[in-house]
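Participant: with the input below, show me the fold.
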Amino acid sequence: MKYTIENILSGFPDSSREEKFTSLLKTREFLLERIVSSGQITPPGEWLSQEKHEWVLLLKGRARLRFREADGLCQMEPGDAVLIPAGCFHRVEWTDPGQKTVWLALHYA
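Facilitator: Alright, predicted model coming up:
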């Protein structure tokens with residue numbers, strides 16, 4: 001069997017106009033994806049909510065999240081992770097426009 005090593009912190013697609021989502025591993029139970037942002041945010045007035053739980057790890061860059069049920073912003077730096085429960089309304093308030101912000105997101109039931 002031949003093993004292939006991939007570096008998820010290289011080979012970034014052009015994310016200057018929109019965030020780029022790359023599926024890394026998908027099964028019936030979960031989806032693991034890499035998200036690359038370049039200053040993108042959730043549009044004003046919109047909230048994100050998913051049917052599945054989402055565990056997010058910030059690998060590179062910086063970001064700020066807002067949760068509708070909580071006061072204030074959640075500042076994220078490389079190495080920070082957060083669990084977003086299914087049905088939780090949240091939004092991306094800011095990603096660093098001066099560098100790529102790279103997320104690892106695990107979606108599961």
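Participant: where do the strands of this structure begin and end?
Facilitator: 20-26, 30-37, 53-60, 63-67, 73-76, 81-84, 90-95, 101-108 (DSSP state E).
Participant: would you reformat those as JSON lines and include distance to Tyr3 and mean pLDDT?
Facilitator: C-beta here means a position set from N, CA and C on the backbone, and glycine is covered the same way. As requested, these are exported to JSON lines (distance: least, CB to CB, whole Å; pLDDT from 0 to 100):
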{"stretch": "strand 20-26", "distance to Tyr3": "15", "mean pLDDT": "96"}
{"stretch": "strand 30-37", "distance to Tyr3": "18", "mean pLDDT": "97"}
{"stretch": "strand 53-60", "distance to Tyr3": "22", "mean pLDDT": "98"}
{"stretch": "strand 63-67", "distance to Tyr3": "32", "mean pLDDT": "98"}
{"stretch": "strand 73-76", "distance to Tyr3": "32", "mean pLDDT": "96"}
{"stretch": "strand 81-84", "distance to Tyr3": "27", "mean pLDDT": "97"}
{"stretch": "strand 90-95", "distance to Tyr3": "33", "mean pLDDT": "97"}
{"stretch": "strand 101-108", "distance to Tyr3": "20", "mean pLDDT": "98"}
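Participant: dump these to a markdown table, plus distance to Gly11.
Facilitator: Converted to a markdown table, the strands of the chain look like this (distance: least, CB to CB, whole Å):
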| stretch | distance to Gly11 |
| --- | --- |
| strand 20-26 | 9 |
| strand 30-37 | 10 |
| strand 53-60 | 13 |
| strand 63-67 | 21 |
| strand 73-76 | 23 |
| strand 81-84 | 23 |
| strand 90-95 | 19 |
| strand 101-108 | 11 |
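Participant: so which of these is nearest Pro13?
Facilitator: strand 20-26 (4.3 Å; CB to CB).
Participant: taking strand 30-37 as reference, get the angle to the closest one.
Facilitator: Relative orientation of strand 20-26 and strand 30-37, computed by axes from the mean of the first three to the mean of the last three CA atoms, to 10 degrees: 160 degrees.
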